Structures are given as C-alpha cells and as structure tokens.
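S.K.: Sharing a sequence plus its predicted fold:
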Amino acid sequence: MQQAISWGLLERDLAAWRKQVRWLDRRLERLYKSPRHGNLDNPTDEVFFILLSKKTPPERYLPVFDTLCHRFRPWERLLRAPLDEVAEVLQPLGMSRIRASQFIQIAHQLQTDFGRVSLESLRTLTLQKAHAYLKGLSGVGEKSARCILMYSLGHDISPMDTHATRVLGRFGLLPEDVTNVSAHRIMDERLPRGIAYRLHVNLVAHGRTVCTAKRPACETCMVAQRCSRQGLTA
Ligand code: SF4
C-alpha cells in the first residue's frame, strides 16, 4: 500500500506529489481518453449547462437543458421571458423559480455589460479577470466558474467537483476531508501546468465508473497499485 503524501510544504513532498499526480494522469488518460462529459465550447451555453448540472445526474439535467435551448436560445429570448415560463422548463430539477430567476438575471447582466447575451467577450480577458467576472454572475460559484473557464475558455485551471475530490482524496493526493476551498488552493499551487483539463475529465470518468462514492471497485481498479486506499475498502 502506498503511503499518503505529507501535507508539509517541503520541496521533497511537492516533488513526490507531482510524480504521483503525473503517474495518475497518464494512467487515467490511457483508460478514459479525456471524455468531454457533454460540456460545451460556447461559454454562454456552458453557464446554463453548468448551473443545471449542479448536484444533479446527467440523465436528469440533459433533457432539461435540451428543452431550455429549444425554448430560449438564442439566449436573448430570456430577456423577455416571464419567470413562470422559464420555471416551467426547469421544474423537473427542483428549485425551479430560483434557478429561473438566476438565468434571467444572468441574461440581463450580460446584455448590460456586453450589449448582447453572450460571454464571448471573456475570451479576451485574463484568467483572473474572467474568473472574477463569472463569480459575479447570479448563482455562479467557484466550481461553476472554473468549469466555464476550463471547458469553454480553454484555461488551465482545476474545478474540484465531487468526483475529482473523492478520487484524489482516496488516492492520497488530497486530504480525504478536504474542503472545496482548500482543494482548489492545493491544486492551484501544486498541479503541473498543462494537465488540468485532461486530469479533471478523466477523474470524473473514474469517479463515475470505478471509484464511486458508495462502493469503489478497488478489486478491479486499474490504478489501485499506487492508491493509498488500496486494501482498506471492503
Ligand atoms: S483503488 Fe479503490 S479507492 Fe483507490 S482509486 Fe481505485 S477505486 Fe478508488
């Protein structure tokens, strides 16, 4: 069984952490080949897609996103849409009036800031400025902002969702009880450049299919040989 890596700030710990993460990255890429998970190139589409996907499985939010696109795309249609009409589309996912209100607010904010309901202008901003802008949109938190930055705007940044955090925690690359804030800080400080996207999408694939929340399939896991949890799970 591998030893969990120390969380001290010593250089040798950082070198060991990076060696381990590079090994995991290469192995997961061979297994999963960077699936896109349905995420979108268009950052305006992606903001609504990401907000619908929060704590919701794909089989529930994907049909709702399709209906939302059909009814309100181009997104300028949200500027004139009654709240009840948007809420009706979002109703299968719950909190439909709150979500509908956020979507309408986002549309109005983009119209005010850019003269159109589009996030394309963010492509010309620095990572820091685009990040700050996204965090200012209604309902967009740290993880959602990072997803839009990574999936649609091409930035080398890690969004730590439940799958990525769980797999890295079990593997020994994050403390298992890590908060989202700390997970983002650790990844920002430690992750080698250029691998955030590939590592993230492959961690999500591994977390959905093998290293699942309730019953991780350690006995058939193809990265078990270096996992700090190997042999500890039933
Ligand atoms: S060995 Fe088990 S805990 Fe470790 S990554 Fe694989 S499935 Fe997850």
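M.R.: Received, thanks.
S.K.: how about Asn45, what does it touch?
M.R.: I think there's a mix-up here, since residue 45 is Asp and not Asn. Cys69, Arg73, Ser152 (Cβ atoms under 8 Å, 6 or more residues apart in numbering). The C-beta positions use only the backbone N, C-alpha and C, and glycine is treated the same way.
S.K.: for the helix or strand harbouring it, the distance to its chain's centre please.
M.R.: Taking DSSP states H and E as the criterion, Asp45 maps to helix 43-53. Between the centre of helix 43-53 and the centre of its chain there are 11 Å (Cα atoms, centre = their mean, to the nearest Å).
S.K.: Does the ligand have contacts with stretch 168-178?
M.R.: Yes: part of stretch 168-178 sits near the ligand under the criterion Cβ under 6 Å from any ligand atom, namely Arg170, Phe171.
S.K.: now do the same end-to-end measure for that stretch.
M.R.: Using Cα to Cα, to the nearest Å, the end-to-end distance of stretch 168-178 comes out at 10 Å.
S.K.: do the same with stretch 63-82
M.R.: 21 Å.
S.K.: How about stretch 126-141?
M.R.: Start-to-end, stretch 126-141 (Cα to Cα) is 19 Å.
S.K.: Could I get the buried residue list for it?
M.R.: Ala130, His131, Tyr133, Leu134, Leu137, Ser138, Gly139, Val140 (16 or more other Cβ atoms under 10 Å).
S.K.: Near the ligand, which residues of this structure are found?
M.R.: Checking the chain against the ligand by Cβ under 6 Å from any ligand atom, the hits are 167, 170-171, 210-211, 216-218, 221, 223-224, 227, 229-230, 233.
S.K.: helices or strands up against the lengthiest helix in the chain?
M.R.: The single longest helix within the chain, with elements called by DSSP state H, is helix 11-32. Secondary-structure packing of helix 11-32 (3 or more Cβ pairs under 8 Å, 6 or more residues apart in numbering; DSSP states H and E): helix 180-190, helix 196-209.
S.K.: can you list these in CSV and add distance to Asp156 and mean pLDDT?
M.R.: Putting the helices and strands packed on helix 11-32 into CSV (distance: least, Cβ to Cβ, whole Å; pLDDT from 0 to 100) gives the following:
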stretch, distance to Asp156, mean pLDDT
helix 180-190, 10, 95
helix 196-209, 5, 97
